[in-house]
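> compute the structure for the input listed below.
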Amino acid sequence: MPEAVKWWITLGMLAGVITRDEIRGTYDTIRPCIRRTPVVQVDLSELDPAGPALPGVTLKLEQLQCAGSFKARGAFANLLLRDVPPAGVVAASGGNHGVAVAYAAYRRGVPARIFVPTVSAPAKMERIRQLGAELVVTGERYADALAAAQAWVESSGAMSVHAFDQRETLLGQGTLALELAGQAPEMGTALDTVLVPVGGGGLIGGIAAYFAGTVRVIGVEPDGAPTLTRARAEGRPADAPAEGVAADALAPRRVGELVFPITQAYVEDVVLVDDASILAAQRALWQAARIAAEPAASVGIAALLTGAYKPAPGEHVAVVISGANMAASQLDSQVG
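The predicted structure is shown next:
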């Protein structure tokens with residue numbers, strides 16, 4: 001059988017790797033440990049008078065989640081749905097996932113060792129230390145930290161908590177979509193589209209699996225780290241550049257093997273935004289709405305302000321503001 005045919009058969013099988021019912025069950029399990037983050041509605045002209053007038057954009061404020069990002073959902077899903085060995089847990093992270101796993105391990109009373117690359121933000125590293133996890137800084141990129149974490153798993157017997165390519169991680173991240181689906185009607189109309197930041201794809205994979213085509217899902221990536229864009233162009237996960245202002249959160253080199261089939265089935269499109277537009281969106285969120293978002297969390301707003309994604313008239317768009325793990329000094333210097 002030709003390799004291409006084998007791959008597409010695999011895609012068909014893996015597109016259902018997680019289901020809406022499983023996400024609902026996961027939400028019931030992790031709900032006592034996470035926050036039901038709020039939504040707010042804005043007009044884009046409030047954020048940028050020179051930008052498009054687009055009323056009724058819903059922002060899902062996941063930067064208010066425990067540990068400062070959506071990653072807490074997947075971290076708790078792993079620790080509560082799997083059997084944690086005495087050696088504890090280990091994770092590789094650009095920063096946010098490491099903070100989330102350290103937080104979940106602290107709450108559950110289990111040891112944690114977190115591997116991060118040198119590109120990780122100092123604020124994220126310090127938060128991991130504050131939560132009592134052992135921090136190991138190694139290599140220049142996420143892939144280097146992942147290799148070191150995998151070696152530690154083999155030598156220690158600790159449980160690996162993957163940032164995106166793990167069923168439980170996807171199930172946890174999918175609970176954001178469950179919440180959003182229930183909150184969107186509060187904004188006046190049913191949800192049509194959700195814009196989702198993309199790195200390794202755990203968030204967009206979980207969200208897309210939950211909506212399963214009932215809501216349009218659009219990925220947004222930095223043009224310096226086009227992991228899902230590259231995978232869609234080549235028809236399978238493939239190495240991509242890992243650069244730019246959001247590299248600590250959205251630059252894992254390639255999208256996950258479990259994630260990709262879900263995105264092929266349920267993600268309508270992926271758009272790219274550049275560093276300047278990401279930083280402009282970050283500034284706009286803070287100056288106009290007092291929403292503190294890290295660069296990676298600002299890409300969806302950047303897509304709307306630049307026209308990388310252009311909603312149709314009357315389209316109800318939601319944007320995931322995915323995290324805010326940064327030092328106050330960073331906020332002052334970049335958006336003050």
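> any weak-confidence spans in the stretch 201-336 of the chain?
247-251, 327-336 (pLDDT under 70).
> any idea how far Gly98 is from the nearest residue to Leu81 once chain neighbours are set aside?
Closest residue in space to Leu81, ignoring its immediate chain neighbours: Glu168 at 5.0 Å, by CB to CB, 6 or more residues apart in numbering. For glycine as for every other residue, the C-beta is placed from the backbone atoms N, C-alpha and C. Here Glu168 is placed at a distance of 17 Å from Gly98 (CB to CB, to the nearest Å).
> quick one on the thing from earlier: in the host helix or strand of the residue nearest to Leu81, what's buried?
When secondary structure is defined by DSSP states H and E, Glu168 falls within helix 167-183. Buried residues in helix 167-183, counting neighbours by 16 or more other CB atoms under 10 Å, are found at 167-181, 183.
> ramachandran coordinates for Met159?
Dihedral angles phi and psi of Met159 (degrees, to the nearest 10) take the values phi -90, psi 130.
> kindly report the same for Ala104.
phi -60, psi -40.
> and Ala190, by the same measure?
Listed backbone geometry of Ala190 is phi -60, psi 150, with angles given as degrees, to the nearest 10.
> go through the chain and flag its longest strand.
Longest strand of the chain, by residue count under DSSP state E: strand 216-222.
> quick check: angle from the helix or strand following that strand to strand 216-222?
Of the helices and strands lying after strand 216-222 in sequence (DSSP H and E), the nearest is helix 227-234. Here the directions of helix 227-234 and strand 216-222 differ by 110 degrees (axes from the mean of the first three to the mean of the last three CA atoms, to 10 degrees).
> what's next to helix 227-234, contact-wise?
Taking contacts as CB atoms under 8 Å, 6 or more residues apart in numbering, the residues outside helix 227-234 that touch it are 198-201, 204, 219, 221, 237-240, 250-255, 260, 263-264, 267, 270, 272.
> strands - which of those land there?
Using DSSP E, those in strands are Gly219, Glu221, Val270, Leu272.
> among those residues, pick out the one closest to Thr118, please.
Taking CB to CB as the measure, Glu221 is the one of the ones in strands among the contacts of helix 227-234 closest to Thr118, at 22.2 Å.
> check contacts around the closest one.
Applying CB under 8 Å, 6+ apart, one finds that Glu221 lies in contact with Pro197, Val198, Thr227, Leu228, Thr229, Leu250, Val270, Val271, Leu272, Val273, Val299.
> name the element the nearest residue to Ile301 once chain neighbours are set aside belongs to?
In space, Ile301 comes closest to Ala281 once its chain neighbours are excluded; the distance is 4.0 Å by CB to CB, 6+ apart. With elements taken from DSSP H and E, the one containing Ala281 is helix 275-289.
> show me the contacts for Ala149.
The neighbours of Ala149, taking CB under 8 Å, 6+ apart as the test, are Val90, Ala91, Ala92, Arg113, Phe115, Ser160.
> bridging residues for the residue lying closest to it once chain neighbours are set aside?
Beyond its immediate neighbours in the sequence, the residue positioned closest to Ala149 (CB to CB, 6+ apart) is Ala92, lying 3.9 Å away. Applying DSSP bridges to Ala92 gives these bridge partners: Phe115.
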